[in-house]
Every structure is written in structure tokens, then in C-alpha cells.
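Engineer: just coords:
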Ligand code: GLY
């Protein structure tokens, strides 16, 4: 089993990665949790496929289990659903000595983490991420949140899990579009921090070869994220580098009302667009944007959107809550594997779209 330790001043926690880990999840949880009661939060799709297996595995290990099932999709990251989750956890008479499991993708992880961080002023939780995006990004680093009608992730906190259990086999039941969605973030890690990873992604013939090698890829991505989070847990400096492709990506997602492009697809367009511009401005080594395009095409991700109204995208970028004031930070790469943060005035953003 591959293992990483996220080392933070106030909390350290392990990330375990192994194909088939889910089959012995009860035994694994027993090693890190000495209590009896466990609440699982998951969504309807995952519950249908894995719910019974997860509950019985935990019960076999003498845990008392309660399952809270939410609808799949971003709408479940709402205050209404959060209130229902609190309610069901209280009906289970949960205490601060018990454990909550987030079993799902980014939505379930964020919702569960936020519920765990706030109910009774904090209940321990573990992450069992089931999507590629959650396995390499959102389950690590402690960002938890719910959405408000005014925008995504507006109520949240930093609250780390006690452990993260990653079973790449769970990706087998993931819709291909969402495997590729997560691949955009894998490409991002390669582009900002690890040329070897990027070259490996380029060298694979397609999804089959990717999945054969996915355990090592997940480990590499988690390790990059671990290092960055350890240096800047609260996202005031270096951690912003993880937003490569995200400024334009978020704007694309929002422009299409979150209905047309997934997060990863938006990020894919964002990475290519900003790199093409920075290459034209001689900030980035010639040929870099083309390499990004090649890797995105390989994993069936878009790199540009024809007929996109740039002024509307620029307007949406300006509305981003992170970009108030005269200046903003953007993430560029000087070459593959070498990302950096650049502070620009808001008016300069036009050059990068
Ligand atoms: N997903 C970006 C971060 O955790 O900072």
C-alpha cells in the first residue's frame, strides 16, 4: 500500500492509496478509530453500487452504522441539504467521539467535511473519495464548504480529515466524462510542478494505459498537493498555484450556467488559453501551449470554445469574489513543470484571455 503523511502544525494525517483497499475498509478504519459509531454520508448513485458493501464491511468489524444519502450533484452542497444532514446525524445521537465517513466525489466530500467541521463544534471524519478529482484534489488539504444562492463555496472552513483512503478501483464505475474531468487536474499538476508526470500522460496510448498506471499517478498528484498544502495550508500564497487554468475555467463554467462544461473541462480551456497568451507574450517557452493541447485532446478534454464572447468572460473574471481590488493573481507556467504566481492589475487580464 502506498502511503503519504500530510504534516501540518495542528494536525497530521495519512493518505492511503491501494487498488482494492475498499474491500478491507472496515479493517483499515478499525486501525485508526477505536469508537463504535460511524455515520456514512454518500450520494444515491454510489449508495446503489457500493452502499451495501460499505455498510456490511463496517458492521462485520463491529461498527454501528448510519447512512445519510443525498442526491448526486452540486445542488446537494446547499444549506437545505446541510440542515437535513445535521438532522439525521443528530437523530443518530452522534457525538464528538464518533466518526463520519465522506464516501463520494467532491460534492459529498465538501458537504460532509463542512457538516463535520461545524456540528457539535467538530466531529472527526475520514474521506473515501470515489471520483478522480476527489482522489487527487478535493479530499486533500481541508477545504470544505457549501454553496449559497449567491455563489459556490461561500460558506466554508479548513477542516482536515483524520485519514484519506483512496481505492483507484472505484474509478471503474465512474462515467468516462468524469474520469476525464479529473484528468484536467492531473494535467495541471504536471504542468505546474512535474514534467515527468506530464510526459507520462502524453506517452500513454489512451484510457486503458492510463488506468493501468493510475495508482502511481494518484500518488504523484497527492504528493504534489501535500507538499503545497504543507507550505501554505490557508491558501494565502503558494497554494494559489493550484489555480492554474482556474480563473478562466471558473468563468467558462459560470458563463454557461454550470450546465455545459464540467469543472475539469473549464480548467482545460483555461490552461490552454492562458498559456497560449503567455507564450505570445514571451513569458512561456515556445511550444508549451501545443503540448498542453496534445495532452488535453488525448483525454477528450476541450482546449478552446469557438464563438466564446471574450468580453463576457472578462466580465465574469472581474466578478470573481477572489479578484476584488485593483490587482489580481494569475498562475502561469514558464515551461512544463514550472508554474508561478504573477500579480497583475485587473486591466492587464485582457491580455491573458
Ligand atoms: N483545489 C485547490 C485547493 O485545494 O487549494
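Structural biologist: Everything's here; your move. Computed from a prediction, not measured in an experiment: that's the story for all the values here.
Engineer: state whether residue 14 is indeed within a strand.
Structural biologist: Yes. Counting by DSSP: H, G, I helix; E, B strand; the rest coil, residue 14 is found in a strand.
Engineer: check contacts around it.
Structural biologist: Each residue near residue 14 by Cβ atoms under 8 Å, 6 or more residues apart in numbering is listed here: 3, 4, 5, 6, 32, 163, 164. C-beta coordinates here come from the backbone N, C-alpha and C atoms, glycine included.
Engineer: go again with 7 Å.
Structural biologist: By Cβ atoms under 7 Å, 6 or more residues apart in numbering, residue 14 lies in contact with 3, 4, 5, 163.
Engineer: where's it relative to residue 300, distance?
Structural biologist: Distance, residue 14 to residue 300, by Cβ to Cβ, to the nearest Å: 33 Å.
Engineer: ok, whichever residue of the stretch 151-300 of the chain sits closest to the ligand - contacts?
Structural biologist: Nearest residue of the stretch 151-300 of the chain to the ligand: residue 242, at 4.1 Å (Cβ to the nearest ligand atom). Contact analysis of residue 242 by Cβ under 7 Å, 6+ apart lists residue 228.
Engineer: which residue is the nearest non-sequential neighbour of residue 120?
Structural biologist: Spatially, and ignoring its direct neighbours in sequence, residue 120 is nearest to residue 96 (5.3 Å; Cβ to Cβ, 6 or more residues apart in numbering).
Engineer: in a strand, the residue of the stretch 151-300 of the chain closest to the ligand, correct?
Structural biologist: No. According to three-state DSSP, residue 242 belongs to no strand; its state is helix.
Engineer: numbering from 58 from now on, please.
Structural biologist: Sure, I'll start counting at 58 from here, so that last one is residue 299.
Engineer: tell me the confidence at it?
Structural biologist: Confidence at residue 299, expressed as pLDDT, is 98.
Engineer: let me know the distance separating it from residue 95.
Structural biologist: For residue 299 relative to residue 95 (Cβ to Cβ), the value is 31 Å.
Engineer: and what of residue 127?
Structural biologist: 17 Å.
Engineer: try residue 200
Structural biologist: Separation of residue 200 from residue 95 (Cβ to Cβ) stands at 23 Å.
Engineer: swap in residue 267?
Structural biologist: Remark: distance between residue 267 and residue 95 (Cβ to Cβ) = 33 Å.
Engineer: kindly report the same for residue 257.
Structural biologist: On the measure of Cβ to Cβ, residue 257 and residue 95 end up 37 Å apart.
Engineer: residue 144 now?
Structural biologist: 18 Å.
Engineer: one more: residue 64?
Structural biologist: In terms of Cβ to Cβ, residue 64 sits 26 Å off from residue 95.
Engineer: quick one, phi/psi of residue 201?
Structural biologist: Main-chain torsions, residue 201, degrees, to the nearest 10: phi -130, psi 150.
Engineer: contact partners for it?
Structural biologist: Here residue 201 is in contact with 167, 170, 171, 174, 213, 214, 216 (Cβ under 7 Å, 6+ apart).
Engineer: and residue 160, by the same measure?
Structural biologist: Applying Cβ under 7 Å, 6+ apart, the residues contacting residue 160 are 97, 98, 99, 103, 111, 185, 187.
Engineer: pLDDT below threshold where in the stretch 158-307 of the chain?
Structural biologist: Within the stretch 158-307 of the chain, no stretch has pLDDT under 70.
Engineer: near the ligand, which residues of it show up?
Structural biologist: Contacts of the stretch 158-307 of the chain with the ligand, taken as Cβ under 6 Å from any ligand atom, map to 194, 198, 200, 292, 296, 299.
Engineer: measure the closest residue to the fifth one other than its chain neighbours to residue 221 for me?
Structural biologist: Going back to what we said before, that points to residue 296. Using Cβ to Cβ, 6+ apart and skipping residues adjacent in sequence, the residue nearest residue 296 is residue 289, 4.2 Å away. Distance, residue 289 to residue 221, by Cβ to Cβ: 19 Å.
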